[in-house]
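K.L.:
coordinates only, no sequence provided:
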């Protein structure tokens, strides 16, 4: 079928349709204002965030960062302790402290203390850490055992209570992390530790030899008191890790290669007030601690831990007795050995800045 012609108006001419075409042209202008949500408006360049960005409150806390880090907090320590000193008689063989004359054992000393702690980590792996605490114990017992002090008494064992007990302590360490990762660190440290306690001894009941009476049952007069002070250097290993999301564990193990001890024991039941100045060194000790913590936020954590301490002197330490031979007399020195233990659990809260 033929293509119909194109008719122009007015019709000066009739043209075939296949010899014509139609075209258009446009002029367009655009004015716009752009804003990038979530970006710094002062930035010179913007970058789109990932499509599925992780929420900031789900970022896992880390054990080690490349910069400075500081953690501090407080603890409540529930503990039990003991202190013992052995008095050796004048040795049969000079220099041989082998004959036990008396032993005083302060035990079941249940205490409650509060402490502050902190740790500072540097970008170079060097760290400083420590804690300081003070507390009280009002419970406990004291056994006073004697062997052959009098010709008619072969053995005596009296028991007394404890009152007005107080104790203080601190440690201070400096160390270096030998191994470090995003979720762990392990290092060694050297430092110093101090522990001191004092308490009164009320009552005195004989329960081993009826021929050597003490006070009547129910008589709670103060018959004595004991002060102790321990100082020692520490050498140890410290480590921590994030073993699961938000769960953190840390531990310290310290060896005490040498101890310095001083104390005073007052005996108030004697006709003349008598006290023993106690001295000791050498020996050794150990301090172990572990903590399990949970991060409630990226910075704030709560935790529970355990701790054990033990310190002792050499068996040829000594003491001097004032008043043993009468008013104003000083006797001694005599051989002695001193030892202590304290252990328990604690609860802590901490805040960490990275």
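P.N.:
In hand now; what should we look at? Predicted, not measured: the structure shown is a model, and the values here were computed from it. Numbering: from 1, shown residues only.

K.L.:
right, and residue 313 touches residue 283 too?
P.N.:
Yes - counting by CB atoms under 8 Å, residue 313 does reach residue 283; the two are 4.1 Å apart. (Glycine included, C-beta is placed from N, CA and C.)

K.L.:
neighbour count winner among these two?
P.N.:
Relative neighbour count places residue 313 above the other of residue 313 and residue 283, with 26 against 22, counting by other CB atoms under 10 Å.

K.L.:
which regions of the stretch 1-150 of the chain sit below the pLDDT cut-off?
P.N.:
The stretch 1-150 of the chain contains residues with pLDDT under 70 at 1-65, 89-98, 149-150.

K.L.:
shared neighbours of residue 313 and residue 283, anything?
P.N.:
Common contacts of residue 313 and residue 283 (CB atoms under 8 Å, 6 or more residues apart in numbering): 259, 261.

K.L.:
name the nearest residue to residue 317, sequence neighbours excluded.
P.N.:
residue 280 (3.2 Å; CB to CB, 6 or more residues apart in numbering).

K.L.:
any idea how far residue 333 is from that neighbour?
P.N.:
Distance, residue 280 to residue 333, using CB to CB, to the nearest Å: 11 Å.

K.L.:
which residues are in contact with each of the two?
P.N.:
Common neighbours of residue 280 and residue 333 (criterion: CB under 8 Å, 6+ apart): residue 318.

K.L.:
more neighbours, those two?
P.N.:
A count of neighbours by other CB under 10 Å puts residue 280 above the other of residue 280 and residue 333, at 25 against 13.

K.L.:
now that one: which helix or strand?
P.N.:
Using DSSP states H and E, residue 280 maps to strand 274-282.

K.L.:
quick one: strands adjacent to that strand?
P.N.:
Here strand 274-282 is paired, per DSSP bridges, with strand 259-267 (antiparallel), strand 317-322 (antiparallel).

K.L.:
contacts for that strand?
P.N.:
So strand 274-282 is contacted by 85, 228, 258-267, 313-314, 317-324, 336-338 (CB under 8 Å, 6+ apart).

K.L.:
give me the mean pLDDT for that strand.
P.N.:
Strand 274-282 carries an average pLDDT of 87.

K.L.:
and for stretch 157-166?
P.N.:
92.

K.L.:
could you dump the strands paired with strand 274-282 into JSON lines with distance to residue 252, mean neighbour count and mean pLDDT added?
P.N.:
Compiled in JSON lines, these are given as follows (distance: least, CB to CB, whole Å; neighbours: other CB atoms under 10 Å; pLDDT from 0 to 100):
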{"stretch": "strand 259-267", "distance to residue 252": "18", "mean neighbour count": "20", "mean pLDDT": "92"}
{"stretch": "strand 317-322", "distance to residue 252": "28", "mean neighbour count": "20", "mean pLDDT": "80"}
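
K.L.:
can you list these in a markdown table and add distance to residue 240?
P.N.:
Below are these laid out as a markdown table (distance: least, CB to CB, whole Å):
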| stretch | distance to residue 240 |
| --- | --- |
| strand 259-267 | 28 |
| strand 317-322 | 37 |
